[in-house]
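1. Show me how the following folds:
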Amino acid sequence: MGSAQVALDLGNGSERGEYVNQDYILHTLGRPHRAINLMYCYYPLDAGWPTRASLLPKPADAPVNFAWGYAYDDYFPYLGGLEGDTTGEPFKSIRDIRRHGQDVILTLTVDCAVSDAQLIEIANNLRPFGRLMLRINHEAMGSWFAFNKRYSYQEVADFFVRFHKIIKKHAPNIRTVLCVGDGVVHETGKLKYENEFAEAIAVADMWSSDTYLALHWGWPFDIAEKGGTTHKRVTNDSSFAGFNFEFERFSAHGDVRPFVISEFNADGDVTGPFEQAEQLEDFYRRLPTAAPFINGVTFYQFRDRGRLGLEIEDPSNPDAGYAQPILETYKKIMGEPPYVPAFTAGADATFPAKLRWGGSEDADGLAVPLTFEKQPVFCEITFTDEDEDEDEDENLNLMLELNGRWFYKSPSAKTIDLMPAFFNTPAPRTCDLRIFAPPPDGTNDSSQGDDWDINFYAEIKNPPQIRVRFEAIM
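-> Okay, the predicted model is just below:
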């Protein structure tokens, strides 16, 4: 398995919504993403840390009337570092994401005053999670996050360079993401604060822009209505012009790096649900040719308390959500060629078979060719060991793909029903069943060799048993 022309990533949890487990998302969308973006903050020098900012006592004489008006950024607190450990968040969510065959984008806003020792510990925390992408102090040209309020743009840029160098020394498997694009063509001919961020642009592993075709930034403190001043809407053409401008300016500072859109949507608060789906569909259709240098885009987000989600959180039950029209539109886009991972056939398999998981864009698995006489009524796969006293194959953690539909097999599962692969798409004459083995607890194994921090290995001892039937039992 290799990369798609344009990778699809997904935001999951932020100041606007809670984390949704990967089983639910996989069942809803039918396929995994390249990566899942998590939003966290790290202000360990602040009074009240690690309480979430919106839960801290609020001064009576300073009411909060803006999403970023709290003592520090209202993301979930990063509970690692020198002060914490890796048993809490974001590590529980990271493990859930990686065992479901996806990479992680960790968006982390950080107090620029933290010590090198604290940043080194963060690097150590994250190293076991493979090819993680670390987005440091995103939207750094803005004025709303606490790090921008406390420090100059030059200080924010210098902090990125300092953190990047620590990551490269202590966790070189991690890629740093610099987000200083804003989707705007500036009359100055340069990016906003480009001079201050020149060194950061030159050292970052990836370049990034956050762009919303429509956005109600006044949420949840006001309503977007005509004539209001806390929302915007732009055309797709102007957004593509902005991306091309940004890529040109980024490239002026050194070798070309991967360029991704790290947050993207059209806010239903502004467009309504139907135009939201229409504008986004047009954008995704045009993106591969209008901005061919972009190799990843993150939809913000899966479930939202406002109208920035594929689902809206049920206000009566935060554990539930209800789909918006964009969800079905997005599912169609997920199955189109520019956004589908590449699969390349290798040598014939022998058993025991060694599988390698480098990440969602670099993995060696198994392909089992299947032939269908007609539409099946039963199609399932079972993993067992020939020795009844052994159950190693049953304990494998696997991701399976058939006819465009993906399935997760946990170490505790033995048989997976594959029939949902044919519920909406008829069975083809021939089709490969693809099998991959991401790490069962989401972490790489340091005992597996020198490449442990970028690759995880698993072994399937025996060919799986596949049951296909074309007639119901009479």
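2. Val234 is in contact with Gln279, correct?
-> No. Judged on CB atoms under 8 Å, Gln279 makes no contact with Val234 at a distance of 9.9 Å. (Glycine included, C-beta is placed from N, CA and C.)
3. Show me the common contact partners of those two, please.
-> Residues touching both Gln279 and Val234 (CB atoms under 8 Å, 6 or more residues apart in numbering): 213-214.
4. And the two? Which one has more around it.
-> Gln279 (20 against 17; other CB atoms under 10 Å).
5. Validate this expectation: the more buried one resides in a helix.
-> Yes. Remark: Gln279 belongs to a helix, assigned using DSSP: H, G, I helix; E, B strand; the rest coil.
6. Low-confidence bits of the stretch 351-474 of the chain, can you list those?
-> 385-394 (pLDDT under 70).
7. now the strands: where do they sit in it?
-> Assignment of strands within the stretch 351-474 of the chain using DSSP state E, counting those that start in this stretch yields the ranges 353-359, 362-364, 366-371, 378-382, 398-402, 405-409, 415-417, 430-436, 456-460, 465-469.
8. Can you list the helices and strands that the fourth one packs against?
-> In terms of contacts (3 or more CB pairs under 8 Å, 6 or more residues apart in numbering; DSSP states H and E), strand 378-382 is packed against strand 415-417, strand 465-469.
9. relative to strand 405-409, how tilted is that strand?
-> 40 degrees (axes from the mean of the first three to the mean of the last three CA atoms, to 10 degrees).
10. and if you look at the fifth one?
-> For the pair strand 398-402 and strand 405-409, the angle between their directions (the same axes, to 10 degrees) equals 160 degrees.
11. from the chain's centre, how far out does strand 398-402 sit?
-> Distance of strand 398-402 from its chain centroid, counting by CA atoms, centre = their mean, to the nearest Å, is 19 Å.
12. before we move on, what about the third one?
-> Using CA atoms, centre = their mean, the mean C-alpha position of strand 366-371 is found 29 Å from that of the whole chain.
13. Tell me which residues are up against it.
-> In contact with strand 366-371 (CB under 8 Å, 6+ apart) are residues 343, 345, 349, 353, 355, 402, 429-435, 460, 463-464, 466, 468.
14. was I right about Met1 contacting Phe436?
-> Yes. Between Met1 and Phe436 there is a contact at 6.5 Å, judged by CB under 8 Å.
15. Give me the common contacts of those two.
-> Common neighbours of Met1 and Phe436 (CB under 8 Å, 6+ apart) are 363, 365.
16. looking at the strands of the stretch 351-474 of the chain, which is closest to Phe299?
-> strand 405-409 (17.2 Å; CB to CB).
17. For Glu401, give the beta-bridge partners.
-> Trp406, Arg434 (DSSP bridges).
18. In contact with it, which residues are there?
-> 31, 407, 433-434, 436.
19. same check, this time on Ala204
-> Counted by CB under 8 Å, 6+ apart, Ala204 has contacts 160, 164, 176-178, 257.
20. quick one: it from Phe160, how far?
-> Noted for Ala204: a distance of 7 Å to Phe160, by CB to CB, to the nearest Å.
21. try Asn444
-> 26 Å.
22. what do you get for Asn148?
-> Counting by CB to CB, the gap from Asn148 to Phe160 is 12 Å.
23. shared neighbours of these two, which are they?
-> The contact lists of Asn148 and Phe160 share Ala140, where a contact means CB under 8 Å, 6+ apart.
24. shared neighbours of Ala204 and Phe160, anything?
-> Here Ala204 and Phe160 have 176, 178 as joint contacts, going by CB under 8 Å, 6+ apart.
25. a helix runs through Ser238, doesn't it?
-> Yes. The assignment for Ser238 is a helix, going by three-state DSSP.
26. Neighbour count for Asn148 and Phe160, which is higher?
-> Between Asn148 and Phe160, counted using other CB under 10 Å, Phe160 has the larger neighbour count: 25 against 20.
27. Identify all contacting residues around the helix or strand where the more buried one lies.
-> Using DSSP states H and E, Phe160 falls within helix 153-170. For helix 153-170, contacts defined as CB under 8 Å, 6+ apart pick out 110, 112, 116, 119-120, 123-124, 127, 134, 136-137, 140-141, 147-148, 151, 174, 176, 178, 193, 196-197, 199-200, 203-205.
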